[in-house]
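In: predicted model and sequence follow; I will ask about them next.
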There are 2 protein chains.
Amino acid sequence: MTVGILGGTGPLGGGLALRLAAAGDSVVIGSRDAQRAKAVTAELLEPWSARGLDVRGATNPEAAACDVVVMATPWDAAVPTVGALRDEIGDKVVVSVANALVKQGRELQALVPARGSIAAAVQAALPDAKVAAACQHLPASSLAALDDTLEADVLVCSDHADAAEAAAALVGRIEGLRPVHAGSLASAAAIEAFTAVLITVNIRYKAHTTLRLGGLPAPGAAGRG
Amino acid sequence: MTVGILGGTGPLGGGLALRLAAAGDSVVIGSRDAQRAKAVTAELLEPWSARGLDVRGATNPEAAACDVVVMATPWDAAVPTVGALRDEIGDKVVVSVANALVKQGRELQALVPARGSIAAAVQAALPDAKVAAACQHLPASSLAALDDTLEADVLVCSDHADAAEAAAALVGRIEGLRPVHAGSLASAAAIEAFTAVLITVNIRYKAHTTLRLGGLPAPGAAGRG
């Protein structure tokens, strides 16, 4: 499967690119500036050259031409970026991983974007696409450290059941990640905002926390209803 | 220590009352209606009569006279309830555990209260008190099942370091709960809203999920800065 990451030069996009490539996907890291995408990609791949990962740097339109599109730009670039790619994206699944956060002293605080979440704003800008929110809570540095074991639950929400399934499948291909269905895209507002809390905890404890949910049944047992 | 729970007749308040009493605290379950508080308390204690738990039903003003006050009313009763108890509460620590949630079909959605969170609204209504938010994510039914092992991380935030410490100490007395400091009361907005996501997951998976954070250092190692 080909996965294109819009704004893939940021830490979360880069980390996801490496993990998805390690899972066997062909990944395109998109950027407004293809030269920058190529440079960042070379830097990302450098420690893992022996693995033969299929990641390349390109433009955002090239990333948008992939089978699945991940929206990983800074939050304030999300709507302009996808708005300009409406034709390339068409009716595909778009996985929005962005958060609107601002640093205030030693903590992060969540902004309330128009429409409540970046994912909802992206869905509104792409009425033909099927947007799912996912991966907001993953620590980027842990993703990029391919030798580190990840163990995290990834909340997935969407107004389109097939987009939720596709996003869950994408997440589930990364070893150690368990997708958890968390309802409609209305949930994205609280999921995105909660990232600020996790990063605030990270700053206070000098940690890279991952979200885990206790008490869930075994994978595949339920939650698709 | 005496702990008073305003609106303690609800599921979360009742569950916390049982767990705190099991930890050795003397708990007063407050309600607008003392008769109702007594009836609910009798029902709560009935399965655990052999344990000699110190829990009694009373009025909200009696609950507010305790050493620590827990704010557990329905969200729309929070500000009127504490506003009427300003003298009784004085400059004490108030632990706000409430969430503003609404059911929409098969999921819960978070409302945005004035001031962003119930905890912030309670703090504004009680300028002399020191409000901490905590316990929002605990599944009430698991709390009330005293024989069940709890294992959950409890996010605590406050604008007052001593209130954060007091709330963390309260939480930490309950076996299986680990308090995690999550910054100022600004974090309460995202913490409260995230409860909607966890309950939506619970509905979909027929589960009682608990929040766990992976990657934190051992308790007491950090996070108080």
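Out: Noted; the coordinates are in hand.
In: please enumerate the helices of chain A.
Out: A:11-22, A:34-45, A:60-64, A:78-83, A:86-89, A:118-125, A:140-144, A:161-172, A:188-205 (DSSP state H).
In: got those helices as JSON lines, with mean pLDDT and distance to B:Met71 columns?
Out: Every residue, glycine included, has its C-beta placed from N, CA and C. What follows is the helices of chain A, written out as JSON lines (pLDDT from 0 to 100; distance: least, Cβ to Cβ, whole Å):
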{"stretch": "helix A:11-22", "mean pLDDT": "97", "distance to B:Met71": "36"}
{"stretch": "helix A:34-45", "mean pLDDT": "97", "distance to B:Met71": "47"}
{"stretch": "helix A:60-64", "mean pLDDT": "98", "distance to B:Met71": "48"}
{"stretch": "helix A:78-83", "mean pLDDT": "98", "distance to B:Met71": "37"}
{"stretch": "helix A:86-89", "mean pLDDT": "98", "distance to B:Met71": "46"}
{"stretch": "helix A:118-125", "mean pLDDT": "98", "distance to B:Met71": "31"}
{"stretch": "helix A:140-144", "mean pLDDT": "95", "distance to B:Met71": "36"}
{"stretch": "helix A:161-172", "mean pLDDT": "98", "distance to B:Met71": "35"}
{"stretch": "helix A:188-205", "mean pLDDT": "98", "distance to B:Met71": "20"}
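In: quick one: closest of those to chain B.
Out: helix A:188-205 (3.9 Å; Cβ to the nearest Cβ).
In: who are the packing partners of that closest one?
Out: Applying 3 or more Cβ pairs under 8 Å, 6 or more residues apart in numbering or on different chains; DSSP states H and E, we find helix A:188-205 packed against strand A:101-104, strand A:107-110, helix A:118-125, strand A:130-133, strand A:152-158, strand B:152-158, strand B:177-181, helix B:188-205.
In: deepest in the core, which of the ones you listed is it.
Out: strand A:130-133 (a mean of 29; mean count of other Cβ atoms under 10 Å in any protein chain shown).
In: packing partners for it?
Out: Judged by 3+ Cβ pairs under 8 Å, 6+ apart, the packing partners of strand A:130-133 are strand A:93-96, helix A:118-125, strand A:152-158, helix A:161-172, helix A:188-205.
In: mind doing that once more with 6 Å?
Out: strand A:93-96, helix A:118-125, strand A:152-158, helix A:161-172 (3 or more Cβ pairs under 6 Å, 6 or more residues apart in numbering or on different chains; DSSP states H and E).
In: excluding its backbone neighbours, what's nearest the spatially most central residue of chain A?
Out: Centroid check for chain A by Cα atoms, centre = their mean gives A:Val97 as the closest residue, at 3.3 Å. Take A:Val97 and drop its neighbours on the chain: the residue closest to it by Cβ to Cβ, 6 or more residues apart in numbering or on different chains is A:Cys135, 4.2 Å away.
In: and chain A, which residues reach chain B?
Out: Counting by Cβ under 6 Å from any Cβ of the partner chain, chain A comes close to chain B at A:107, A:109-110, A:151, A:180-183, A:186-187, A:190-191, A:193-194, A:196-197, A:200-201, A:204-205, A:207-210, A:212-217, A:222-223.
In: 7 Å instead, please
Out: By Cβ under 7 Å from any Cβ of the partner chain, the residues of chain A that approach chain B are A:107, A:109-110, A:151-152, A:155, A:180-184, A:186-187, A:189-191, A:193-194, A:196-197, A:200-201, A:204-217, A:222-223, A:225.
In: how about the helices and strands packed on helix A:188-205, which one is nearest A:Leu143?
Out: With Cβ to Cβ, the closest approach to A:Leu143 among those belongs to strand A:152-158: 9.5 Å.
In: what about the residue lying closest to A:Cys66 once chain neighbours are set aside, how many residues close to it?
Out: Excluding its sequence neighbours, the residue lying closest to A:Cys66 (Cβ to Cβ, 6+ apart) is A:Gly4, at 3.3 Å. By other Cβ atoms under 10 Å in any protein chain shown, 29 other residues sit near A:Gly4.
In: got it, and the one 3 residues further on?
Out: For A:Gly7, the neighbour count with other Cβ under 10 Å is 25.
In: I'd say it and A:Thr73 touch.
Out: Yes: the criterion here is Cβ atoms under 7 Å, and A:Gly7 meets it with A:Thr73 at 3.0 Å.
In: can you check which residues contact both of these two?
Out: A:Thr81 (Cβ atoms under 7 Å, 6 or more residues apart in numbering or on different chains).
In: rewinding a little: can you redo the helices of chain A as TSV with distance to B:Asp159?
Out: As requested, the helices of chain A are exported to TSV (distance: least, Cβ to Cβ, whole Å):
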stretch	distance to B:Asp159
helix A:11-22	30
helix A:34-45	39
helix A:60-64	41
helix A:78-83	31
helix A:86-89	43
helix A:118-125	28
helix A:140-144	29
helix A:161-172	36
helix A:188-205	14
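In: which residues touch A:Val154?
Out: A:Val154 makes contacts with A:Ala134, A:Cys135, A:Leu138, A:Val171, A:Leu177, A:Arg178, A:Pro179, A:Val180, as judged by Cβ under 7 Å, 6+ apart.
In: out of the helices and strands packed on strand A:130-133, which is closest to B:Ala166?
Out: Distance to B:Ala166, taken as Cβ to Cβ, is lowest for strand A:152-158 among these, at 30.4 Å.
In: how close does the residue nearest to the centre of chain A get to A:Ala193?
Out: Noted for A:Val97: a distance of 14 Å to A:Ala193, by Cβ to Cβ, to the nearest Å.
In: again with A:Arg115
Out: A:Arg115 is 13 Å from A:Ala193, where distance means Cβ to Cβ.
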